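A.B. asks: turn this into a structure:
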Amino acid sequence: MYNPQVPTDGHSPAADASFGSGAQTFGKAPEQQGNQRIRHLLKCFGLRTSLIRLKVIDALLTAADNQRTLGVRGVHSHLLELGIPLSFLSVREVLKRLCSEGVITLNADKSYSLHEEAAKVLEGKA
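C.D. replies: Numbers count the residues shown, from 1 in each chain. Alright, predicted model coming up:
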């Protein structure tokens, strides 16, 4: 029986070189790779993945890469700049939860940074 969706020339459309993966086609591969690392980190600490957790941790990692530190207001402002409309209270609660679970630490200057064990997980050493 003829099926118009199945190719008859022996080539599958998925294997055709003219088709790229959706993530790479739209330029989201690096972001997804970074999110995968953060997802793995959250899983190692027994936490569910949520958009706000991904974005908060990403903000802290970005700040650390730029040799900056962020407090609650800094994280909240960073997320607003990215167009992520989260309330200040939501950001504060996520930071407190990540802190209590040992993913991040609250420094003496009221800024947050990734905990040593979490950094090892991200580096693949744990």
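
A.B. asks: just give the closest residue to the residue nearest in space to the middle of the chain, not the sequence neighbours.
C.D. replies: By C-alpha atoms, centre = their mean, the chain has its centre lying nearest to N35, at 3.1 Å. Leaving aside its chain neighbours, N35 sits nearest to L54 (5.7 Å; criterion: C-beta to C-beta, 6 or more residues apart in numbering). Any C-beta I mention is one placed from the backbone N, CA and C, and that applies to glycine too.

A.B. asks: if I look at K55, how far off is T49?
C.D. replies: As judged by C-beta to C-beta, to the nearest Å, K55 and T49 stand 11 Å apart.

A.B. asks: got it, and P85?
C.D. replies: Distance, P85 to T49, using C-beta to C-beta: 20 Å.

A.B. asks: higher neighbour count, those two?
C.D. replies: T49 (13 against 8; other C-beta atoms under 10 Å).

A.B. asks: so which strand or helix has that one?
C.D. replies: Under the assignment given by DSSP states H and E, T49 is not contained in any helix or strand.

A.B. asks: for it, phi and psi?
C.D. replies: Backbone torsions for T49, taken as degrees, to the nearest 10, come to phi -80, psi 130.

A.B. asks: give me the below-cutoff pLDDT ranges for this protein.
C.D. replies: 1-34, 126 (pLDDT under 70).

A.B. asks: all helices for the protein, in order.
C.D. replies: Using DSSP state H, the helices of the chain run over 22-25, 29-44, 51-65, 72-81, 88-100, 116-123.

A.B. asks: how about the fourth one as PDB, C-alpha atoms only?
C.D. replies: Listed next in PDB are the C-alpha coordinates belonging to helix 72-81 (Å, rounded to 0.1, in the frame of the first residue of the first chain):
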ATOM      1  CA  VAL A  72      18.700  39.500  45.600                       C
ATOM      2  CA  ARG A  73      18.200  42.900  44.000                       C
ATOM      3  CA  GLY A  74      21.000  42.200  41.500                       C
ATOM      4  CA  VAL A  75      19.600  38.900  40.500                       C
ATOM      5  CA  HIS A  76      16.100  40.400  40.200                       C
ATOM      6  CA  SER A  77      17.400  43.300  38.100                       C
ATOM      7  CA  HIS A  78      19.300  40.900  35.800                       C
ATOM      8  CA  LEU A  79      16.200  38.800  35.200                       C
ATOM      9  CA  LEU A  80      14.100  41.900  34.500                       C
ATOM     10  CA  GLU A  81      16.700  43.100  32.000                       C
END
